[in-house]
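Asker: Sequence plus the predicted model coming up.
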Amino acid sequence: MTVSVSYSTAAAAIISGNVHVALDSEGLGIDSLGETALGTQDVAVTVTVDNFAVAAFAKTGGSGTLTGSPGAGYTLDFGHVAFNSVAPTVNLEALNAALGPADLLDGSFVLGGGTSHFTNGGLGDFLNLGAGGADTAPVVTLHTDTAGHFTETITLHNLVGHNPEPYSGALADVTLTITGTVAPRRRWRIAIPTTPMSARFCRAQACGPMTPILPATR
């Protein structure tokens with residue numbers, strides 16, 4: 001016996017209810033008994049309507065300002081830091097930003113750009129991130145031993161949303177651009193006079209003779 005049930009997929013939700021099944025016994029072709037009503041039976045039905053998974057970046061701590069969105073991409077700016085200062089570090093997460101019941105999210109990280117000026121950690125593959133779930137391992141540090149403006153990218157790649165239906169669908173990459181500027185080392189210049197100067201030494205309001213100060217020997 002097959003029972004068909006219709007339901008709305010307009011919004012993600014968990015839908016529960018009962019299907020009333022009328023049961024009959026039919027002896028046609030088996031015995032001489034006719035059709036006999038056996039009453040009704042309630043069959044519990046639960047349907048889960050999922051949102052699609054949404055891959056995103058978030059900042060969980062550390063330096064820098066994160067802006068952007070999954071569709072437009074993200075930027076994290078470390079700003080300007082001093083040469084040979086304490087290296088700025090940011091803690092990031094890749095998350096499934098979908099709301100309500102949603103597909104699970106799988107993916108990986110791909111690095112690009114000037115990665116030699118950054119230290120990147122925690123960029124392993126992630127699996128089965130539910131709605132609001134996150135991989136909190138990623139961490140990025142900007143080196144400050146070289147002056148200049150530096151950029152690298154981290155892309156969420158091989159993104160797949162899936163559920164037990166079974167359903168599996170590829171999602172578009174999401175890219176984070178990380179920037180930072182290390183200011184050049186300051187160089188102080190001291191001017192040394194090349195002509196004699198004079199100084200007057202005074203005591204008890206009586207000034208002695210002018211005493212010449214000769215230029216420093218270089």
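Answerer: Done, it's in. Residues are numbered from 1 along each chain as shown.

Asker: going forward, measure contacts between C-alpha atoms and count neighbours the same way
Answerer: Will do.

Asker: Tell me where the model's unsure across the chain.
Answerer: Residue ranges of the chain with pLDDT under 70: 1, 5, 7-14, 17, 20, 27-34, 38, 47-48, 187-218.

Asker: Now do the domain split for it, please.
Answerer: Domain assignment of the chain by automatic domain parsing yields the ranges 13-49, 55-182.

Asker: winner for burial among these?
Answerer: Using mean count of other CA atoms under 10 Å, the stretch among the domains of the chain with the largest mean neighbour count is domain 55-182, at a mean of 18.

Asker: doesn't S116 fall inside a helix?
Answerer: Yes: judged by DSSP: H, G, I helix; E, B strand; the rest coil, S116 forms part of a helix.

Asker: got the contact list for the residue lying closest to A172 once chain neighbours are set aside?
Answerer: Take A172 and drop its neighbours on the chain: the residue closest to it by CA to CA, 6 or more residues apart in numbering is L159, 6.9 Å away. Listed by CA atoms under 8 Å, 6 or more residues apart in numbering, the contact set of L159 reads 55, 105-108, 170-173.

Asker: Tell me the one among the residues you listed nearest to G61.
Answerer: A55 (19.3 Å; CA to CA).

Asker: show me what contacts the closest one?
Answerer: Contacts for A55 (CA under 8 Å, 6+ apart) come out as 70, 94-97, 105, 156, 159, 174.

Asker: and the residues you listed as TSV, adding secondary structure and distance to N128?
Answerer: Formatted as TSV, the contacts of A55 follow (DSSP: H, G, I helix; E, B strand; the rest coil; distance: CA to CA, whole Å):
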residue	secondary structure	distance to N128
P70	coil	19
A94	strand	12
L95	strand	11
N96	strand	9
A97	coil	13
L105	strand	5
L156	strand	15
L159	strand	11
V174	strand	17
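
Asker: Dump those residues to CSV, plus distance to T46.
Answerer: Output for those, formatted as CSV (distance: CA to CA, whole Å):
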residue, distance to T46
P70, 32
A94, 31
L95, 27
N96, 24
A97, 25
L105, 23
L156, 34
L159, 28
V174, 34
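
Asker: can you tell me which of those lies nearest to G121?
Answerer: For these, the residue nearest G121 by CA to CA is A94; the value is 13.0 Å.

Asker: Out of the contacts of L159, list just those in strands.
Answerer: 55, 105-108, 170 (DSSP state E).

Asker: Spatially, which two of those are the most separated?
Answerer: Farthest-apart pair in those is S108 and A170; separation 12.7 Å (CA to CA).

Asker: Mutual contacts of these two, please.
Answerer: Taking CA under 8 Å, 6+ apart as the contact criterion, the common neighbours of S108 and A170 are 158-159.
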